[in-house]
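**Q** Build me a model from this:
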Amino acid sequence: MFNKIINFKFLKFLSSLKLAVINILLLGVISAVGTFVESYYDLYLAQHLVYQSVWMKIVLVLFSINLLSVMVDRWPWKRRHMPFVTAHLGIIMIIIGSFLTGEFGMDGSMRLEPEEQSSSIVLNPRILSVYSSFGEGSFSELYKDQPKFILNRPSAQSPYTISLGTEFMEIVDYYPYAREKIIFQRKPKSGWLFHFKLSGTRAQELSQMYKMKRDAFVKQQFGLAHIVISDGSYKSSERNELILIPAKAMYQLVQQGKVRQAGSIYKGKKIQTGWMDLTFELIDFYQAEKVYQFTPLKRPDDNSTSALKVRFQGKESWMKLNSFLSFYSKDASYTLSYMNQRKSIGSTLKLIKFQIDRYQGSQKAKEYSSVVQVDGHKTVTISMNEPLKHNGWTFYQSGFDEVQTASILSVNYDPGRFIKYFGSFLLVAGIFALFYRKRL
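**A** A predicted model of the protein is given here:
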């Protein structure tokens with residue numbers, strides 16, 4: 001008898017209006033906090049701190065239990081209970097659909113340049129990997145993890161440790177938002193840095209180029225011609241190129257695919273390129289190491305990135321998101337990768353054409369769209385209001401890179417979408433039936 005009374009009171013508490021009000025208030029507060037965090041910082045932080053937090057899940061579970069208890073408390077149901085049951089069942093289905101979306105759904109992006117194709121998307125989760133080579137020439141993966149530095153920030157006193165057998169790496173600092181600055185420090189047996197000036201009757205430009213030690217060559221376009229820094233192995237296939245070979249202090253001037261001029265390079269060297277009367281003047285060149293410096297920011301901006309400070313054998317280096325960092329020991333070389341997770345979507349999209357319509361008399365974009373080829377045969381247009389749905393994925397036109405005429409697509413996979421839609425239908429139908437019944 002006592003147990004029945006306790007169970008009855010417990011059911012009454014779970015089905016009480018007081019608990020429902022508390023749950024709704026908590027959901028409102030948590031959602032408001034999440035909206036503020038997302039708008040002031042970004043979605044990545046809001047997801048980890050709010051939307052996917054334990055507190056949000058607890059409140060949603062309690063709310064679902066509250067709704068189920070209310071329905072059980074009305075058992076056995078009669079015809080007049082149907083609108084009430086339908087509305088409550090709709091809310092529960094929306095919560096279940098949201099859970100499936102949060103746990104198994106994916107939101108990513110795909111960047112396509114003209115005639116470029118891709119079959120993968122970039123996701124928000126960040127993957128930390130270590131690859132090693134022990135002299136065989138091939139790399140093997142030693143370590144892979146998805147650390148949440150945004151929640152557990154490493155420090156010199158409490159580092160994130162990566163075990164590499166007899167050796168180890170440590171992440172000793174983390175900036176969720178940082179501004180990158182690149183400096184070059186003179187260092188023998190490093191890459192090559194060139195400072196030069198291109199001048200003519202129509203233009204004058206100061207510029208610099210850097211070739212890392214591991215690169216065979218780097219190339220940069222200037223108008224209709226290219227300037228190349230090479231280790232000596234580069235073979236020209238272009239019409240107009242100036243090839244700089246710093247290890248030999250030599251240059252080659254290529255016009256229409258043939259070497260027209262060659263000689264030595266030194267500070268102050270001037271070369272008549274023959275490109276629209278442009279003169280190349282070498283201000284300086286020397287071996288240098290490329291060093292990244294990061295300044296922490298309180299909130300993100302368009303040029304910010306996240307950064308890690310890595311320690312290996314007493315040496316500390318910074319690296320940014322979506323980059324690699326190499327370390328060398330006596331017996332092996334290691335490459336640390338800090339990248340956004342990539343996911344294959346099982347289909348290939350190729351950008352055929354990107355179109356921008358602008359407001360009259362302005363450079364501001366009015367609307368833009370992408371003509372893409374799907375899996376090599378189907379051609380469709382993705383615009384701001386007309387997404388593409390294919391194999392369970394939805395592709396939205398979200399932005400563009402005007403400098404490189406690249407299209408940026410937001411890509412979504414939502415296994416809970418139908419359940420949420422059906423739950424919303426039940427909720428609206430139940431509410432409508434409640435009002436219609438009251439009118440009778």
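
**Q** ok, residue 382 - contacts?
**A** The neighbours of residue 382, taking Cβ atoms under 8 Å, 6 or more residues apart in numbering as the test, are 369-370, 372, 388, 395-397, 409. Backbone N, C-alpha and C define where each C-beta goes, glycine included.

**Q** Just the mean pLDDT for stretch 385-393, thanks.
**A** Stretch 385-393 comes out with an average pLDDT of 91.

**Q** Over to stretch 100-118?
**A** Stretch 100-118 comes out at a mean pLDDT of 90.

**Q** before we move on, what about stretch 198-216?
**A** Averaging pLDDT along stretch 198-216 yields 89.

**Q** Go ahead and produce PDB holding the CA coordinates of that stretch.
**A** In PDB, the C-alpha atoms belonging to stretch 198-216 read as follows (Å, rounded to 0.1, in the frame of the first residue of the first chain):
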ATOM      1  CA  LEU A 198      58.500  44.600 -60.600                       C
ATOM      2  CA  SER A 199      58.300  48.100 -62.300                       C
ATOM      3  CA  GLY A 200      57.200  49.500 -65.600                       C
ATOM      4  CA  THR A 201      55.400  52.400 -67.200                       C
ATOM      5  CA  ARG A 202      52.000  51.000 -66.200                       C
ATOM      6  CA  ALA A 203      52.700  49.400 -62.800                       C
ATOM      7  CA  GLN A 204      55.100  49.100 -59.900                       C
ATOM      8  CA  GLU A 205      54.900  46.400 -57.300                       C
ATOM      9  CA  LEU A 206      57.000  45.300 -54.300                       C
ATOM     10  CA  SER A 207      56.600  41.600 -53.500                       C
ATOM     11  CA  GLN A 208      58.200  38.600 -51.800                       C
ATOM     12  CA  MET A 209      58.100  34.800 -52.400                       C
ATOM     13  CA  TYR A 210      59.200  31.900 -50.200                       C
ATOM     14  CA  LYS A 211      60.100  28.400 -51.100                       C
ATOM     15  CA  MET A 212      60.200  25.900 -48.300                       C
ATOM     16  CA  LYS A 213      63.100  23.500 -48.200                       C
ATOM     17  CA  ARG A 214      61.000  20.400 -48.900                       C
ATOM     18  CA  ASP A 215      59.400  22.000 -52.000                       C
ATOM     19  CA  ALA A 216      60.900  21.400 -55.400                       C
END
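
**Q** for it, the distance to its chain's centre please.
**A** Distance, stretch centre to chain centre, for stretch 198-216: 30 Å (Cα atoms, centre = their mean, to the nearest Å).

**Q** same check, this time on stretch 66-73
**A** The chain centroid and the centroid of stretch 66-73 are separated by 42 Å under Cα atoms, centre = their mean.

**Q** Quick check: which element contains residue 293?
**A** According to DSSP states H and E, residue 293 maps onto strand 279-296.

**Q** re the thing from before, so which of the contacts of residue 382 are in helices?
**A** Among the contacts of residue 382, none falls in helices (DSSP state H).

**Q** Identify those among those that sit within strands.
**A** 369-370, 372, 388, 395-397, 409 (DSSP state E).

**Q** Identify all contacting residues around stretch 262-269.
**A** Stretch 262-269 is contacted from outside by 244, 246, 249-253, 281-285, using Cβ under 8 Å, 6+ apart.

**Q** Compute the mean per-residue pLDDT across that stretch, please.
**A** Here stretch 262-269 scores 94 as its mean pLDDT.

**Q** what ranges do the strands span in the stretch 51-200 of the chain?
**A** Using DSSP state E, counting those that start in this stretch, the strands found in the stretch 51-200 of the chain span residues 106-112, 117-133, 140-145, 160-164, 167-199.

**Q** What residues of stretch 301-315 count as buried?
**A** Neighbour counts over stretch 301-315 (16 or more other Cβ atoms under 10 Å) mark 304-312 as buried.

**Q** Same check on stretch 277-285?
**A** Buried residues in stretch 277-285, counting neighbours by 16+ other Cβ under 10 Å, are found at 278, 280, 282, 285.

**Q** Can you tell me which of the residues you listed is closest to residue 65?
**A** Nearest to residue 65 among the buried residues of stretch 277-285 is residue 285, at 70.8 Å by Cβ to Cβ.

**Q** where does the protein have low pLDDT?
**A** 1-8, 11, 134-138, 238, 402-404, 437-440 (pLDDT under 70).

**Q** Tell me how it divides into domains.
**A** 2-105+419-439, 107-121+343-413, 166-331 (automatic domain parsing).

**Q** Any buried residues in stretch 258-276, and which?
**A** Buried residues in stretch 258-276, counting neighbours by 16+ other Cβ under 10 Å, are found at 265, 269, 271, 273-275.

**Q** In a markdown table: these, plus distance to residue 185 and secondary structure.
**A** Converted to a markdown table, these look like this (distance: Cβ to Cβ, whole Å; DSSP: H, G, I helix; E, B strand; the rest coil):
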| residue | distance to residue 185 | secondary structure |
| --- | --- | --- |
| 265 | 22 | coil |
| 269 | 24 | coil |
| 271 | 28 | strand |
| 273 | 30 | coil |
| 274 | 35 | coil |
| 275 | 32 | coil |
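
**Q** one step back: state the next helix or strand along the chain beyond the strand holding residue 293.
**A** strand 305-312.

**Q** what angle do that following strand and strand 167-199 make?
**A** Between strand 305-312 and strand 167-199, the angle comes out at 130 degrees (axes from the mean of the first three to the mean of the last three Cα atoms, to 10 degrees).

**Q** now the helices for the stretch 1-150 of the chain?
**A** 2-14, 17-40, 43-46, 54-73, 82-104 (DSSP state H, counting those that start in this stretch).

**Q** Mind listing what's buried along the shortest one?
**A** The one in question is helix 43-46. 44-46.

**Q** ok so, going back, so which of the strands of the stretch 51-200 of the chain gets nearest residue 292?
**A** Judged by Cβ to Cβ, the one of the strands of the stretch 51-200 of the chain that comes nearest to residue 292 is strand 167-199, at 6.0 Å.

**Q** quick one: strands adjacent to that closest one?
**A** Sheet pairing of strand 167-199 (DSSP bridges) gives strand 160-164 (antiparallel), strand 204-211 (antiparallel), strand 279-296 (antiparallel), strand 305-312 (antiparallel).

**Q** and of these, who's closest to residue 431?
**A** strand 305-312 (44.1 Å).

**Q** Contacts made by the closest one with the rest, please.
**A** Contact with strand 305-312 is made by 126, 149, 159, 167, 169-178, 180, 292, 294, 316-322, 325, 327, 334, 336, 338, as judged by Cβ under 8 Å, 6+ apart.

**Q** measure the residue lying closest to residue 281 once chain neighbours are set aside to residue 23 for me?
**A** Residue nearest to residue 281 in three dimensions, not counting chain neighbours: residue 197, with 4.5 Å by Cβ to Cβ, 6 or more residues apart in numbering. Residue 197 sits 68 Å away from residue 23, going by Cβ to Cβ, to the nearest Å.
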